[in-house]
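Chemist: kindly generate the corresponding structure for this input.
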Amino acid sequence: MLRSLSVLIFASACAPQYDETLLEEYRQAVPDEDTLNARTPTSGALALGDTALFPQLAAPVTWGINGAIGTILVGLKVVTSIDPTYYDEETQQFVWGPWNADDFGKMAFWIQKNPEGSDFAYSYALLRGTTGKLEGYEPIIVGGATPDPDHGHRGMGVTLWDADANIRFLEENGQPTDGLDSGRFVAVYGRGPTDDGVDLAFVVSSFRDFVSADDPEAVPVDFDYLHGRAWEGANVVDFLDFQGTVDVDDPHDGVAENLDIRMAFLDRGIGRAEAGAYGGSLEEGDQMAMTECWDDAVKETYLRAELVDDGATEALYQLGDPSGCVDPFDQTLDELEVPSLADVDPSLLDALDAVAEGGVDSVEWH
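Modeler: Next up, the predicted model:
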């Protein structure tokens, strides 16, 4: 996307000027990386075995998500940083493009102010087509947002990125599709002050049939992800909860278990994880429960795994003792009131699932 902007940037030099205040309001509808990116603790350990287990398991998932998100956001921010091609006063829509795409055809982007009473104040779409007019263009990214006009990073929104729609467009035009992400990603996000004055950001996202371009031979995965960040004075607390498949029972049996990893950590360091695993090579009805704590270098200080079988608990192994979990993580994540996927309204998760399954064809985008 970035390389294809040269024509658009050149053309914008001759574009008419617009009310910059109005344009800046529209630009805030596009989410930024700081809002949507997830973080994991930063390890200071030199040897792999010294680093806490669950930050290691969460890191590849987080990097994969952030890589896909970052590529798109950088492109959209570059597009909207330049003058739009035109502003339609009747539809209250700013339009950028069309411009020549890197691979084939053309691309365009618009942000529109929605009528009063809409779910979001603004909507936007990135589209692909083959002509110089937008008629017949197909969306591959759609979204809506209600930014806080006084604080650019605050507000709420939803965004859907349909990599399969991008692939479908190329295939319909006889173009190669190697080296591209596939699947669908939808996220609902928000950021704002809590009742006690903490600045809180959260993202609830669903991936369906997702395969990263970095690992094209991987099995497509479906997973749901909650992550967020709380700014409490000089401290920053991150939290995440994701459900996926990881081989935790026997790393050599090639059978993955269903894994729910939930964690929180302070200032990219000290933290606590609680995880549950079931399925895979575990017997039906069995569940493995694990707790881990680490220090500010993300070096493991406590790890305990238990097997829960018909309500009976059997200790499998333990490294260190609970005193390795230091304040505030000597308390459970529930006691600390750390958000989890279980706290998310089931109707919201159902709605995200429907959109992630259906892609852009399942939403009204124009």
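Chemist: the closest residue to L266 other than its chain neighbours in helix, strand or coil?
Modeler: Using CB to CB, 6 or more residues apart in numbering and skipping the chain neighbours, the partner closest in space to L266 is V237 (5.6 Å). In short, each C-beta sits where N, CA and C put it, glycine included. Under DSSP: H, G, I helix; E, B strand; the rest coil, V237 falls in the strand class.
Chemist: counting neighbours, what do you get for V237?
Modeler: By other CB atoms under 10 Å, 19 other residues sit near V237.
Chemist: do you know how far it is from S205?
Modeler: 20 Å (CB to CB, to the nearest Å).
Chemist: wait, isn't D296 in contact with I270?
Modeler: Yes: assessed by CB atoms under 8 Å, D296 is found in contact with I270 at 4.7 Å.
Chemist: and these two? which has more neighbours close in?
Modeler: For D296 versus I270, neighbours defined as other CB under 10 Å are more numerous around I270 (21 against 16).
Chemist: near A165, how many other residues are there?
Modeler: A165 has 21 nearby residues by other CB under 10 Å.
Chemist: please verify my assumption that it contacts V142.
Modeler: No: using CB under 8 Å, A165 makes no contact with V142, being 9.7 Å away.
Chemist: between these two, which contacts overlap?
Modeler: Listed as contacting both A165 and V142 by CB atoms under 8 Å, 6 or more residues apart in numbering are V360.
Chemist: and V79, how far is that from Q175?
Modeler: 22 Å.
Chemist: neighbour count winner among the two?
Modeler: The neighbour comparison of V79 against Q175 (other CB under 10 Å) goes to V79, with 23 against 12.
Chemist: name the helix or strand for that one, please.
Modeler: helix 53-81 (DSSP states H and E).
Chemist: report the buried residues of that helix.
Modeler: Neighbour counts over helix 53-81 (16 or more other CB atoms under 10 Å) mark 53-55, 57-59, 61-62, 64-66, 68-69, 72-73, 75-76, 79-80 as buried.
Chemist: can you pull out the strands in the stretch 251-366 of the chain?
Modeler: 257-266, 271-278, 286-294, 300-309, 312-320 (DSSP state E, counting those that start in this stretch).
Chemist: tabulate those strands (TSV), appending distance to V95, mean pLDDT and mean neighbour count.
Modeler: Putting the strands of the stretch 251-366 of the chain into TSV (distance: least, CB to CB, whole Å; pLDDT from 0 to 100; neighbours: other CB atoms under 10 Å) gives the following:
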stretch	distance to V95	mean pLDDT	mean neighbour count
strand 257-266	42	86	22
strand 271-278	45	89	22
strand 286-294	49	89	21
strand 300-309	53	90	18
strand 312-320	58	86	11
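Chemist: including distance to E90, could the ones you listed go into CSV?
Modeler: Shown next, in CSV, are the strands of the stretch 251-366 of the chain (distance: least, CB to CB, whole Å):
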stretch, distance to E90
strand 257-266, 49
strand 271-278, 52
strand 286-294, 57
strand 300-309, 61
strand 312-320, 66
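Chemist: A230: which of those is closest?
Modeler: Smallest distance to A230 across those (CB to CB): 9.4 Å, for strand 257-266.
Chemist: helices or strands next to that closest one in the packing?
Modeler: helix 53-81, strand 235-246, strand 271-278 (3 or more CB pairs under 8 Å, 6 or more residues apart in numbering; DSSP states H and E).
Chemist: quick check: mean pLDDT across the first one?
Modeler: Averaged across helix 53-81, pLDDT comes to 80.
Chemist: C-terminal to that helix, what's the next element?
Modeler: Following helix 53-81 in sequence, per DSSP H and E, is strand 86-88.
Chemist: can you give the strand pairings for that following strand, parallel or anti for each?
Modeler: Strand 86-88 has the following strand partners under DSSP bridges: strand 93-100 (antiparallel).
Chemist: which helices and strands sit right next to the next helix or strand after the partner strand?
Modeler: Scanning forward in sequence from strand 93-100 by DSSP H and E, the next helix or strand is strand 106-113. Under the contact definition 3+ CB pairs under 8 Å, 6+ apart, strand 106-113 sits against helix 20-27, helix 53-81, strand 93-100, strand 122-129.
Chemist: run the last query once more with 10 Å
Modeler: helix 6-12, helix 20-27, helix 53-81, strand 86-88, strand 93-100, strand 122-129, strand 138-148 (3 or more CB pairs under 10 Å, 6 or more residues apart in numbering; DSSP states H and E).
Chemist: how about a markdown table for these, with distance to E306 added?
Modeler: Compiled in a markdown table, those are given as follows (distance: least, CB to CB, whole Å):
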| stretch | distance to E306 |
| --- | --- |
| helix 6-12 | 57 |
| helix 20-27 | 50 |
| helix 53-81 | 15 |
| strand 86-88 | 61 |
| strand 93-100 | 55 |
| strand 122-129 | 47 |
| strand 138-148 | 42 |
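Chemist: out of these, nearest to L348?
Modeler: strand 138-148 (14.6 Å).
Chemist: adjacent strands (with direction) for the closest one?
Modeler: Here, using DSSP bridges, strand 138-148 pairs with strand 122-129 (antiparallel), strand 151-162 (antiparallel).
Chemist: shaky segments in the stretch 151-300 of the chain?
Modeler: In the predicted model, the stretch 151-300 of the chain carries pLDDT under 70 at residues 152, 244-257, 280-283, 285.
Chemist: output stretch 54-61 as CSV, nothing but the C-alphas.
Modeler: Output in CSV follows, covering the C-alpha atoms of stretch 54-61 (Å, rounded to 0.1, in the frame of the first residue of the first chain):
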residue,chain,number,x,y,z
PHE,A,54,3.0,-17.8,29.3
PRO,A,55,4.5,-14.5,28.1
GLN,A,56,6.4,-16.7,25.7
LEU,A,57,3.2,-18.4,24.5
ALA,A,58,1.4,-15.1,24.2
ALA,A,59,4.1,-13.2,22.4
PRO,A,60,3.9,-14.9,18.9
VAL,A,61,0.1,-14.4,18.9
